[in-house]
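Colleague: Okay, sequence plus prediction incoming.
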Amino acid sequence: MDRQQPAPRPQPLVRRRFLGLVSAAAGLVAAEPLSRAWARSELTRSGDDPDALPPFERLHLPRLRSPAFTSNGAKVPVVVEMSHPMDPSHYIASISVMNERDPVPLKGVFHFTPLNGQVYLAFQIRMDQGASEISATAECSRHARWQSTRSITIPEGAGGCAGTAPPPGRTGPDEIGPPAIRIPQLIADGRISPDQTIDVQIKIKHPSRTGLVVREGTFVQASDPLYLNRMHVFYRDERISQFTMTSALSDNPLITFRLRAHGEGLLRVVLTNNRGQRFEATHLIHFS
Amino acid sequence: MKRTRYVRTALGVFVGVLVLLATSSGDRALAHKEKHTPDQLKAFEDVFMEQVKIGDLLFHGDGATEKRLGVTLSKTGMACAMCHPFGSDNHPYEFPKFQEQMNKFATLRDMINWCIEKPNEGVKIDPDSDAMKALETYIIWSNKGSKLDPGRH
């Protein structure tokens, strides 16, 4: 069963943990910006008009873009973007995307580092039919978690959560192909400049299936899922990002993130799937 | 005597036509070779690759290129490459053919417009537009080397 549970497993409240929580609470009360951040992190804010937000919130609430209505639940484009600084002392450490009412609620957790330069993430997910509230939660290295939501409706019969994985070794429409790195700025402008923030697109031909089927109106795990579960990004031998994905990813995903080209060197992306297969793509970043 | 003259005249005309054909076809071949200098071939390639580049940007959902060409290929954020990485699985070499989704005999341009309207939920484009030519160029270039197989399913 490939249902990712959003709620963390409860931990027993031992004495050390209790004291830690008390200290943390005292610290939060003393530090005004932090307490404000925690208060805000409990709120669910719609990202419809981020420009109307106060500067501090505008900086921390992820801008979540997805269609309000789409007739293809098997491939729903999601974009999360932030203008938050990516300094070593203050940066966005991760973005989580979720839809609570889907059979596979967690769509992915995407870890960033200051070397990314900017938080930008675009990928495609599977969603069930009906009205949903998709959420993006950003974790700031200083100011805790911030969540934006967006409403989306998939018409009846157009849900995309069910799907059977192809057997290993299959060729044809479901065959797996090696990934490739595409840099749109190189195609549009023919060059990359030092310290330019570039888009990095990962293209891969890879099916992503939940293994779920609908029986009597309920999702049932009928077979093993198949999906890309990890993506590690290395730039000049440093790991700059790590993405954890689920079977709620769409077939043949086009995954985009940003990178500050701070020097010439090799960009390397390593993907793995839940069958243990490994795929790699490289692209030499050089300035001209 | 009269018959011999006719035969000579006919023979002369025949030989003349043969000489004309031989020289004219030779000229044509020679002209064709001389027509395309390396500079010209480079210019043709540049024009072609510029269309591939524009098609590549459109295929991957580049908003600036869509705006410049006045087209809306998607209203949901979908892009052609989200279903067809590397331009794969679009089989341009099978067109024209009867296309089941459309229930009609379709060209590649018809199919591109179907994808724009249905999965991409965008606005159908003029089949003779610059955007369509660029998309078609990129798709065919992505499948370079494929064997033509029109009508196949």
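Modeller: Structure's in. What do you need?
Colleague: ok, which stretches of the stretch 101-250 of chain A are strands?
Modeller: Assigned by DSSP state E, counting those that start in this stretch, the strands in the stretch 101-250 of chain A fall at A:106-111, A:119-125, A:130-140, A:144-154, A:180-182, A:197-203, A:212-215, A:218-221, A:228-235, A:238-245.
Colleague: The last one to strand A:106-111, inter-axis angle?
Modeller: Between the axis of strand A:238-245 and that of strand A:106-111 there is an angle of 170 degrees, by axes from the mean of the first three to the mean of the last three Cα atoms, to 10 degrees.
Colleague: Give me the sheet partners of strand A:238-245 and which way each runs.
Modeller: Sheet pairing of strand A:238-245 (DSSP bridges) gives strand A:106-111 (antiparallel), strand A:228-235 (antiparallel).
Colleague: got a markdown table for those strands, with mean neighbour count, mean pLDDT and distance to A:Cys161 too?
Modeller: Placement of C-beta: from N, CA and C, glycine included. A markdown table is the format used below for the strands paired with strand A:238-245 (neighbours: other Cβ atoms under 10 Å in any protein chain shown; pLDDT from 0 to 100; distance: least, Cβ to Cβ, whole Å):
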| stretch | mean neighbour count | mean pLDDT | distance to A:Cys161 |
| --- | --- | --- | --- |
| strand A:106-111 | 23 | 97 | 11 |
| strand A:228-235 | 21 | 98 | 17 |
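Colleague: For B:Arg5, which of those is the nearest?
Modeller: Among the strands paired with strand A:238-245, the nearest to B:Arg5 by Cβ to Cβ is strand A:228-235 (88.1 Å).
Colleague: Run the angle between the closest one and strand A:197-203 for me.
Modeller: Using the same axes, to 10 degrees: strand A:228-235 against strand A:197-203 is 140 degrees.
Colleague: Ok, which of the strands of the stretch 101-250 of chain A comes nearest B:Arg8?
Modeller: That would be strand A:180-182 among the strands of the stretch 101-250 of chain A, by Cβ to Cβ, at 72.7 Å.
Colleague: avg pLDDT for that closest one?
Modeller: The average of the pLDDT scores along strand A:180-182 is 96.
Colleague: is that strand up against chain B anywhere?
Modeller: Yes - Strand A:180-182 reaches chain B (Cβ under 8 Å from any Cβ of the partner chain) through A:180, A:182.
Colleague: Point out where the chain drops to low pLDDT.
Modeller: In the absence of a named chain, this looks at chain A. A:1-50, A:169-173 (pLDDT under 70).
Colleague: That was the other one, I meant chain B.
Modeller: Chain B contains residues with pLDDT under 70 at B:1-4, B:7, B:10-33, B:88.
Colleague: Around chain A, pick out the residues from it.
Modeller: Contact residues (Cβ under 8 Å from any Cβ) of chain B with chain A: B:53, B:56-57, B:60, B:62, B:64-65, B:75-79, B:81-86, B:88-89, B:119, B:121.
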